[in-house]
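> Show me the folded form of this:
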Amino acid sequence: QVRLVESGGGLVQAGDSLRLSCAASGFVFGDHTMGWFRQAPGKGRLFVASIRRNADNMNYADSVKGRFTISRDNAKNTLYLQMNSLNAEDTDVYYCARFDVRSGRYGDWGQGTQVTVSS
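Numbering: from 1, shown residues only. Alright, predicted model coming up:
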């Protein structure tokens, strides 16, 4: 079964950096586009970044362009999100997700990791 486990969140100050990781198992990681999303309490999940299976194309939300970098290590079945120049508006729960080509959507999610940035 598909399992996605995020880690690396925490409490940091504005201007600091964090690196989130997502350990994947239960499927062929290198066959799937992967993404990072964020969610505030009571709100829907928002797209942060995505990376194609061969890391030949990455997309970012405008709010994180130039500050966040998505990457992957297919040999380690791990997805990353390097977050630099964090600000209070980046505070949210961050989720990794697997894109399912057959359904055309992100259908599998991790449990999330909390990122809190104090100003």
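> Strands along the protein, start to end?
Remark: strands assigned in the chain by DSSP state E are 3-7, 10-13, 18-25, 34-39, 46-51, 58-60, 68-73, 78-83, 92-100, 105-109, 113-118.
> and these as TSV, adding mean pLDDT and mean neighbour count?
Backbone N, C-alpha and C define where each C-beta goes, glycine included. TSV is the format used below for those (pLDDT from 0 to 100; neighbours: other CB atoms under 10 Å):
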stretch	mean pLDDT	mean neighbour count
strand 3-7	98	17
strand 10-13	98	13
strand 18-25	98	19
strand 34-39	98	22
strand 46-51	98	20
strand 58-60	98	15
strand 68-73	98	18
strand 78-83	98	22
strand 92-100	97	21
strand 105-109	96	15
strand 113-118	98	16
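> so who does the nearest residue to residue 83 once chain neighbours are set aside touch?
Once flanking residues are discounted, residue 83 sits nearest to residue 18: 4.7 Å by CB to CB, 6 or more residues apart in numbering. Residues in contact with residue 18 (CB atoms under 8 Å, 6 or more residues apart in numbering) are 8, 9, 10, 12, 83, 86, 115.
> Show me the residue sitting in the middle of this structure in space.
Central residue of the chain (CA atoms, centre = their mean): residue 36, 2.6 Å from the mean position.
> Distance from the chain centre to stretch 66-86, please.
Distance of stretch 66-86 from its chain centroid, counting by CA atoms, centre = their mean, to the nearest Å, is 7 Å.
> try stretch 34-41
Between the mean C-alpha location of stretch 34-41 and the chain-wide mean there is a distance of 7 Å, by CA atoms, centre = their mean.
> Equivalent analysis for stretch 97-105, please.
15 Å.
> Check stretch 50-64 too.
Counting by CA atoms, centre = their mean, stretch 50-64 comes out at 10 Å from the chain centroid.
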